[in-house]
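Trainee: dropping the sequence and predicted coords here.
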Amino acid sequence: MVVGESGLGKSTLVNSLFLTDLYPERTIPAAADKINQTVKIDASTVEIEERGVKLRLTVVDTPGYGDALDCSDCFKPIIQYIDDQFERYLHDESGLNRRHIIDNRVHSCFYFISPAGHGLKPLDVEFMKALHNRVNIVPVIAKADTLTMAEVKRLKQRILEEIASHGIQIYQLPDADDDEDEEFKEQTRLLRESIPFAVVGSTQLIEVKGKKVRGRLYPWGVVEVENPEHCDFLKLRTMLITHMQDLQEVTHDLHYENFRAQRLKHKEGSAEEPEDPSLSQKDKILLQKDAELRQMQQMLARMQAQMKAQQKQPSPGGGKMQSHQV
């Protein structure tokens, strides 16, 4: 998922990442149309190939975010979409055929931050605080070619300080295993130090020194999108592909389990009251399985307590002999 205000280059960056045009028929609304514009959810599927490995990704765009005069509720449709995907997966997981579940959950959210400010806007803070428990947030500084290298460094530091001060949890890259090669460890270290990623997007081919590169042409020179000395575009793409499995695992083990626990707690509270006729048969089966699991855990705890009590009893051979647990 990509989220950010209009004009920050979200669509351009997505097209640059996947070398395709996902939005050929999109029109830019006029200023008068943006006054009452609401946030839309636009999902597109794309297939990419990296080192012989094919990946099928669904890119979810959010046109209209932050465009209205009153942006207090602009991220609610995004929260609803993420929760709907969790609900859909929970429904499929509680069914009988669980081997062929289609995972439509949002595993990563690229949040675009304007380079024109001096840090995070109030809308940026409220959005990330509302969604950091639902999705892996990856902060991205848009249009980094409008800043000098020193300004990019200061802005990154300022953003990280504000994220920490507001208690926002962004996606943290996992540590490399000891058995990994040094090149991968160094790559992971560089990616971790580059967050938030300062990116530039472009699908235009420009000839530089007899070589065609994707970039942006200015009177003073060319900004190459895939040059690591110019921006963090390659690092962002490497992070997305290399750590795709970890993004999925964090979504399943953390965000989805939090959502599932809240749903079960809500249903458990309503189950103590007279049975709700609106509950589906699958919901009732899920509640029953959860109750059986709790009973098994209680039985196991009682058996462990009995075993400990028996070990503490005096041995039959001697009155003063006691067994000691090591």
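Mentor: Good, I have the coordinates.

Trainee: which intervals of the chain have sub-threshold pLDDT?
Mentor: 22-38, 48-53, 96-97, 267-289, 291, 309-326 (pLDDT under 70).

Trainee: go again using 50 as the cut-off
Mentor: Scanning the chain for pLDDT under 50 picks out 273-275, 316-326.

Trainee: grab the most central residue of it for me.
Mentor: In the chain, the centroid-proximal residue (Cα atoms, centre = their mean) is residue 136; its distance is 2.2 Å.

Trainee: can you give me the strands in this structure?
Mentor: Secondary structure of the chain (DSSP state E): strands located at 2-3, 42-50, 53-61, 109-113, 137-141, 197-198, 205-208, 211-218, 221-224.

Trainee: how near is residue 233 to residue 198?
Mentor: 9 Å (Cβ to Cβ, to the nearest Å). The way it works is simple: take the backbone N, C-alpha and C, and place the C-beta from them, glycine included.

Trainee: please read the previous query as pertaining to residue 80.
Mentor: 31 Å.

Trainee: of those two, who's got more company?
Mentor: residue 198 (27 against 12; other Cβ atoms under 10 Å).

Trainee: the nearest residue to the more buried one once chain neighbours are set aside: what's it in contact with?
Mentor: Leaving aside its chain neighbours, residue 198 sits nearest to residue 144 (3.6 Å; criterion: Cβ to Cβ, 6 or more residues apart in numbering). By Cβ atoms under 8 Å, 6 or more residues apart in numbering, the contact set of residue 144 is 115, 152, 198, 199, 200, 231, 232.

Trainee: how about residue 223?
Mentor: So residue 223 contacts 145, 200, 202, 215, 216, 230, 231 (Cβ under 8 Å, 6+ apart).

Trainee: a markdown table please, covering the residues you listed and showing neighbour count and distance to residue 95.
Mentor: Listed next are the contacts of residue 223 as a markdown table, based on neighbours: other Cβ atoms under 10 Å; distance: Cβ to Cβ, whole Å:
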| residue | neighbour count | distance to residue 95 |
| --- | --- | --- |
| 145 | 19 | 49 |
| 200 | 26 | 45 |
| 202 | 23 | 45 |
| 215 | 22 | 49 |
| 216 | 18 | 49 |
| 230 | 20 | 49 |
| 231 | 24 | 45 |
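
Trainee: pick the one among the residues you listed closest to residue 188.
Mentor: Comparing those against residue 188 with Cβ to Cβ places residue 231 closest, at 19.4 Å.

Trainee: isn't the closest one right up against residue 199?
Mentor: Yes - with contact defined as Cβ atoms under 8 Å, residue 231 counts as touching residue 199 (5.5 Å).

Trainee: what count of nearby residues applies to the nearest residue to residue 169 once chain neighbours are set aside?
Mentor: Spatial nearest neighbour of residue 169, excluding adjacent residues (Cβ to Cβ, 6+ apart): residue 132 at 4.6 Å. Per other Cβ under 10 Å, the neighbour tally for residue 132 reads 20.

Trainee: which residues touch residue 132?
Mentor: With Cβ under 8 Å, 6+ apart, residue 132 has these contacts: 168, 169, 170.

Trainee: and the last one, how many neighbours?
Mentor: Neighbour count of residue 170, defined by other Cβ under 10 Å: 18.

Trainee: is it true that it touches residue 140?
Mentor: No - the pair residue 170 and residue 140 fails to qualify as a contact (Cβ under 8 Å) at a distance of 10.9 Å.

Trainee: next one: phi and psi at the residue nearest to residue 63 when sequence neighbours are not counted?
Mentor: Leaving aside its chain neighbours, residue 63 sits nearest to residue 40 (5.2 Å; criterion: Cβ to Cβ, 6+ apart). Taking degrees, to the nearest 10, you get phi -110, psi 160 for the backbone angles of residue 40.

Trainee: verify the contact between residue 40 and residue 60 for me.
Mentor: No - contact criterion Cβ under 8 Å: residue 40 and residue 60 do not qualify, at 10.5 Å.

Trainee: the more surrounded of the two?
Mentor: Using other Cβ under 10 Å as the criterion, residue 40 and residue 60 rank with residue 60 on top: 19 against 11.

Trainee: state the distance from the closest residue to that one other than its chain neighbours to residue 111.
Mentor: Excluding the flanking residues, the one nearest residue 60 by Cβ to Cβ, 6+ apart is residue 1, at 4.2 Å. Counting by Cβ to Cβ, the gap between residue 1 and residue 111 amounts to 9 Å.

Trainee: go on, residue 199?
Mentor: Relative to residue 111, residue 199 is positioned 12 Å away (Cβ to Cβ).

Trainee: how about residue 10?
Mentor: Counting by Cβ to Cβ - residue 10 and residue 111 are separated by 10 Å.
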